[in-house]
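The amino acid sequence is not available; the structure is as follows:
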């Protein structure tokens, strides 16, 4: 077996999407979107997202229409959007389906059940949200999902925010 410094499934540079490579040069916060409906929990690591201030505020993210998250969020109509910190890289990879999580990623840490869905224990910043539209527009490969922010939790002590840029994590 040989261990490489590069990602083993990364296509050659000539075959990579220039738009994806352009987006990859932007530092993006690493969010974890979680929801639950009738006992089924679902979650997904989302870095293609932004927060729009206002009254109410909104979280807008690009979500895979074939993901378990979208299937469950579509039914539940509520979600928790958590901002991950430096210690949560393995959690981000597990919910991004790029790292193994025996028994599923929800077994990796403890969770607090909220009226918006499961919130990860140990994550200091999260928002409880409501789905704005059950029929969001398609944008490229994804659905442009808009969530209205109903509740925000901000801990006094914040961990450095985990960001994703060019396929790698760093903290701010």
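Thanks, I have it. In this text the structure is predicted, and so the values were computed from the model without any measurement.

Which stretches in this protein count as strands?
According to DSSP state E, the chain carries its strands in the segments 28-29, 31-37, 40-46, 49-52, 58-63, 78-83, 111-114, 117-120, 125-131, 138-139, 142-154, 162-165, 168-171.

Any stretches of this structure with poor pLDDT?
Of all residues in the chain, those with pLDDT under 70 make up the ranges 1-10, 157-159.

need the longest helix for it.
Scanning the chain for the longest helix, with DSSP state H as the assignment, gives helix 68-76.

helices or strands up against it?
Taking 3 or more CB pairs under 8 Å, 6 or more residues apart in numbering; DSSP states H and E as contact, the helices and strands that helix 68-76 lies on are strand 31-37, strand 40-46, strand 58-63, strand 125-131, strand 142-154. Bear in mind the C-beta positions are built from the backbone N, C-alpha and C, glycine included.

again, only this time at 10 Å
The contact analysis (3 or more CB pairs under 10 Å, 6 or more residues apart in numbering; DSSP states H and E) places helix 68-76 against strand 31-37, strand 40-46, strand 58-63, strand 78-83, strand 117-120, strand 125-131, strand 142-154.

Same list, those, but as a markdown table with distance to residue 13 and mean neighbour count please.
Output for these, formatted as a markdown table (distance: least, CB to CB, whole Å; neighbours: other CB atoms under 10 Å):
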| stretch | distance to residue 13 | mean neighbour count |
| --- | --- | --- |
| strand 31-37 | 28 | 25 |
| strand 40-46 | 24 | 22 |
| strand 58-63 | 23 | 20 |
| strand 78-83 | 31 | 24 |
| strand 117-120 | 35 | 22 |
| strand 125-131 | 36 | 21 |
| strand 142-154 | 23 | 17 |
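
how about CSV for those, with distance to residue 93 added?
Supplementary listing: these in CSV, determined by distance: least, CB to CB, whole Å:
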stretch, distance to residue 93
strand 31-37, 11
strand 40-46, 8
strand 58-63, 18
strand 78-83, 15
strand 117-120, 14
strand 125-131, 19
strand 142-154, 19
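
Which residues are in contact with residue 134?
The neighbours of residue 134, taking CB atoms under 10 Å, 6 or more residues apart in numbering as the test, are 73, 74, 75, 77.

ok, now how distant is the second one from residue 42?
For residue 74, the distance to residue 42 equals 10 Å [CB to CB, to the nearest Å].
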